[in-house]
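Trainee: Model the structure of this input:
(one chain, ligands or ions: 1)
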Amino acid sequence: MRSFVHTTGPSRVIFGAGTIEQVRAEAERLGAARVMLLSDGSPALRKNTERLREALGDLVAAEFDGAVMHTPVEVTQQALGLLRDRHVDCLVAIGGGSTTGLAKALAARTDLPQIIVPTTYAGSEVTPVLGESADGRKTTRSAPEILPETVVYDIDLTLGLPFAMSVTSGVNALAHAVEALYSPDATPAVDALALEAVAAIGRALPALHHDPSDREARADLLQAAWLAGTCLGAVGMGLHHKLCHTLGGTFGLPHGETHTVVLPHAMAYNASAAPDAMARVAHALGVPDAATGVFDLVRQTGGPTSLRELGLTEADLDRAAELATAQPYPNPRELTRTGLADLLSEAWQGRRPQPAAGSAPDLRPLTDEVVASFDGCANPRLRQLLTDLARTLHGYAARNDLTPQEWQRAIDFLTQAGHITTGTRQEFILLSDTLGISSVVDALANSRTPETTSSAILGPFYVAGPPAAEHGADIAGGLEGTPMWADIKVTDPEGTPVGGAVVDVWQSNEDGFYDVQLPDLDGPVLRARFTTGEDGRFTFWSILPSEYPIPDDGPVGRMLSAVGRHPYRAPHVHFLINAPGHQPLITQLFVRGGAYLDGAPGQRDAVFGVKDDLVTDFTPHTGPTPDGRPVEGEWRLLDFTFRIAPSDGERAPTSSTETA
Ligand code: NAD
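Mentor: Take a look at the predicted model:
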């Protein structure tokens, strides 16, 4: 069991496109009458700042455009003077983490409400943390009043963020999510936010590399920034953030770029001590190894990969390692000066980190090549099915670390299934049935019209073109068993009889065998074709079906026995209904109270074919029969109405009369 404490700060988040227009209403909601508009004065943000000024209108009482990186106290003091002069009652900041930092610094001193309109992915807007610099030293503190009251995310403001900055800012967000996953304070809620953020960043950065104005990818990334920022605000960070803090604070390296270079190396350092977190990151990114996956993502999207290119000198590495180990802080792996010196050296040189021991090889190039080999297929549906099959099978092999011997056994299994298959014995249908795939395909094709009778799988014993039979005929061919009178109606969903419906019926005998399994029988038995009358009805005599094992003397039977599953099907009668103007229905009726209808998974019907509305009474009777036929002792009555759907002209017919 995992024990945890989860705290979330009270903040309101508005997310969308064009939301900048809502900032005035949000200010009024906070009771503001005299707003101070904060920005960093950068030309790149001038237009958006103007839009915000216009949206706020006469609420703007003061404006300060001097926000700078690392929130120097002297800049904050300057802004504070203006704030007091103009009797400001609310702070509105537009920009990246630097402008947000200024708003937070002012709120920390005045407790004024803040509305932040972020234009990067730094995530500061949803944390109660403030980093400030004074006399060349950066310190951080956390307090409830530092957390902004309202955040207005407007993806339109991020469309102009240069792609290179989108990468570094996006990896900054990724770093919050990754370190949250191995933080000692993490909670299930933090994990979920972090993984969602990792996956979205992994999707969005390559998409933006392809097209920086891709609005969906921008929205994905901004949403991930919010989620990752929320993680940063909820839990303590580890080695990666400490290193970046040191490299930024002491050596003046740029914030986002430093995060981008350091993250894969910090992850590789921690990988052996946080294998679960790394496996989850790798899974979310769809890569075999988390650290190399992040490095490859950065390289693929053209981000910086070395501290050398950010201006750090080799001589600084030792000092950086010393500073990062000077004070203890929580981190999954013990921090040693040599270990960090090695990490920084690798990061300085821009080397690809080593994949974690035991991680799978990178199969993506191979899978991509196989998928691309289907590009020439002119049939788009076939191409889709084959490419996804290749991806799914490659993923299956990788996830299970499949050995050559295991794969050979799978091939031998399929070969045996082929050898045992004949015109009347279909091992592949048995395989499909016992793996539940037949029921999945059946559900996909036939479960969308709830007002009609459920369908069920065809099974391996259907034989096309059964002998036509008259109403009231006996199809048991003299076989022993409890007599059963079937009175069957076919209607549409409103209950109107469907005349002229052709209904194939087939079932097992009282020992559970179908005629095709009984070589001594002469001709088809317990199978027939009826046509409904104008009243949608037909009747026949047969015998009560019983439970039976599917053929288990082949590879499928050996598979069931290897996993402790029985091969039995619950007792049932099959129906296949074809009526002009209606969708075909393939289904089965199960004997209520029969064997294998209940029990634990693996103990019920061996092919997962039972559906509740198909379990029906085969009511016991004695005495006179409906057609006056004399019967000694008990006989059963099956009285059932099938409701079939009209053709909609679009959906493909359900099956497969040619499958047998
Ligand atoms: P930033 O705010 O310094 O912005 C970097 C540059 O990008 C600036 O020149 C800015 O004008 C420009 N810019 C911003 N948005 C733009 C856009 N949409 N289009 C074009 N240009 C744009 O950088 P940042 O990475 O957002 O923030 C870094 C700062 O935030 C650091 O000081 C860091 O310590 C702090 N931070 C704090 C926290 C926290 O929780 N306290 C969290 C993350 C970052």
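
Trainee: which stretches of the stretch 51-200 of the chain have low pLDDT?
Mentor: Within the stretch 51-200 of the chain, the ranges that satisfy pLDDT under 70 run 136.

Trainee: and it, which residues reach the ligand?
Mentor: When proximity is defined by CB under 6 Å from any ligand atom, the stretch 51-200 of the chain lies next to the ligand at 69-70, 95-99, 101, 119-120, 122-124, 127, 129-131, 157-158, 160-161, 165, 169. Every residue, glycine included, has its C-beta placed from N, CA and C.

Trainee: Tell me the helix or strand right after the helix or strand harbouring E50.
Mentor: E50 belongs to helix 46-56 when assigned by DSSP states H and E. Scanning forward in sequence from helix 46-56 by DSSP H and E, the next helix or strand is strand 60-64.

Trainee: Now the element after that next one, going C-ward?
Mentor: helix 73-85.

Trainee: got the angle for that following helix vs strand 60-64?
Mentor: Using axes from the mean of the first three to the mean of the last three CA atoms, to 10 degrees, the direction of helix 73-85 lies 160 degrees away from that of strand 60-64.

Trainee: partner strands of the helix or strand following helix 73-85, parallel or antiparallel?
Mentor: Later in the chain than helix 73-85, the nearest helix or strand by DSSP H and E is strand 90-95. Each strand paired with strand 90-95, and its direction, by DSSP bridges: strand 35-38 (parallel), strand 114-118 (parallel).

Trainee: Turn these into CSV, columns for mean neighbour count.
Mentor: Below are these laid out as CSV (neighbours: other CB atoms under 10 Å):
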stretch, mean neighbour count
strand 35-38, 26
strand 114-118, 28
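
Trainee: which residues of the stretch 551-660 of the chain fall in strands?
Mentor: For the stretch 551-660 of the chain, the strands defined by DSSP state E, counting those that start in this stretch occupy 568-569, 572-578, 585-591, 615-616, 618-621, 635-643.

Trainee: Which neighbours in the sheet does the fifth one have, and how are they oriented?
Mentor: According to DSSP bridges, strand 618-621 forms sheet pairs with strand 635-643 (antiparallel).

Trainee: How far off centre is the partner strand?
Mentor: Distance of strand 635-643 from its chain centroid, counting by CA atoms, centre = their mean, to the nearest Å, is 43 Å.

Trainee: now the angle between strand 572-578 and it, please.
Mentor: Using the same axes, to 10 degrees, one finds that strand 635-643 and strand 572-578 are set 40 degrees apart in direction.

Trainee: Compare the strands of the stretch 551-660 of the chain and give me the one nearest L56.
Mentor: The closest of those to L56 is strand 635-643. By CB to CB, the value is 62.2 Å.

Trainee: ok, and for that closest one, which residues are buried?
Mentor: Buried residues in strand 635-643, counting neighbours by 16 or more other CB atoms under 10 Å, are found at W635, R636, L637, L638, F640, F642, R643.

Trainee: Out of these, which comes closest to the ligand?
Mentor: Set against the ligand, the nearest of the buried residues of strand 635-643 by CB to the nearest ligand atom is R643 (58.9 Å).

Trainee: Y514 is nearest to which of the strands of the stretch 551-660 of the chain?
Mentor: Using CB to CB, those put strand 572-578 closest to Y514, at 9.6 Å.

Trainee: List the strands paired with the closest one, with their directions.
Mentor: Strand 572-578 pairs in its sheet with strand 502-507 (antiparallel), strand 585-591 (antiparallel), by DSSP bridges.

Trainee: contacts for the last one?
Mentor: Meaning strand 585-591. By CB atoms under 8 Å, 6 or more residues apart in numbering, the residues outside strand 585-591 that reach it are 442, 446, 452-459, 544-545, 570-577, 597, 609-610, 614-616, 618, 638, 640, 642, 644-645, 654-656.

Trainee: Just the buried residues out of the residues you listed, in PyMOL syntax.
Mentor: Of the contacts of strand 585-591, the buried ones can be selected in PyMOL as follows, counting by 16+ other CB under 10 Å:
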select buried, resi 442+446+452+453+454+455+456+457+458+459+544+545+570+571+572+573+574+575+576+577+597+609+610+614+615+618+638+640+642+644+645+654+655
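
Trainee: now the farthest one out in the chain, which residue is it?
Mentor: Most distant from the centre of the chain: P630, at 61.3 Å, with distances by CA atoms, centre = their mean.

Trainee: From the chain's centroid, how far away is the strand or helix carrying V152?
Mentor: Assessed by DSSP H and E, V152 sits inside strand 150-154. With CA atoms, centre = their mean as the basis, strand 150-154 stands 27 Å off its chain's centre.

Trainee: dump the residue contacts of the closest residue to G633 other than its chain neighbours.
Mentor: Leaving out its chain neighbours, the residue that sits closest to G633 by CB to CB, 6 or more residues apart in numbering is T622, at 6.6 Å. With contact taken as CB under 8 Å, 6+ apart, T622 is in contact with G633, E634, W635.

Trainee: Looking at the residues you listed, which is nearest S213?
Mentor: When the contacts of T622 are compared for distance to S213 (CB to CB), W635 wins out at 75.2 Å.

Trainee: The residue in the stretch 451-600 of the chain that the ligand sits nearest to: neighbouring residues, count only.
Mentor: Residue nearest to the ligand within the stretch 451-600 of the chain: A600 (51.0 Å; CB to the nearest ligand atom). By the criterion of other CB atoms under 10 Å, A600 has 6 neighbours.

Trainee: Could you do the one 5 residues further on as well?
Mentor: D605 is surrounded by 25 other residues when neighbours are defined as other CB under 10 Å.

Trainee: need the contact list for the residue nearest to it when sequence neighbours are not counted.
Mentor: Excluding its sequence neighbours, the residue lying closest to D605 (CB to CB, 6+ apart) is A570, at 4.5 Å. A570 sits next to E547, F590, V591, G594, A595, Y596, L597, R604, D605, G609, V610 when contact means CB under 8 Å, 6+ apart.

Trainee: and this protein, which residues reach the ligand?
Mentor: Residues of the chain found near the ligand, taking CB under 6 Å from any ligand atom as the criterion, are 40, 42, 44-45, 69-70, 95-99, 101, 119-120, 122-124, 127, 129-131, 157-158, 160-161, 165, 169, 232, 255-256.

Trainee: Alright, I will stop here.
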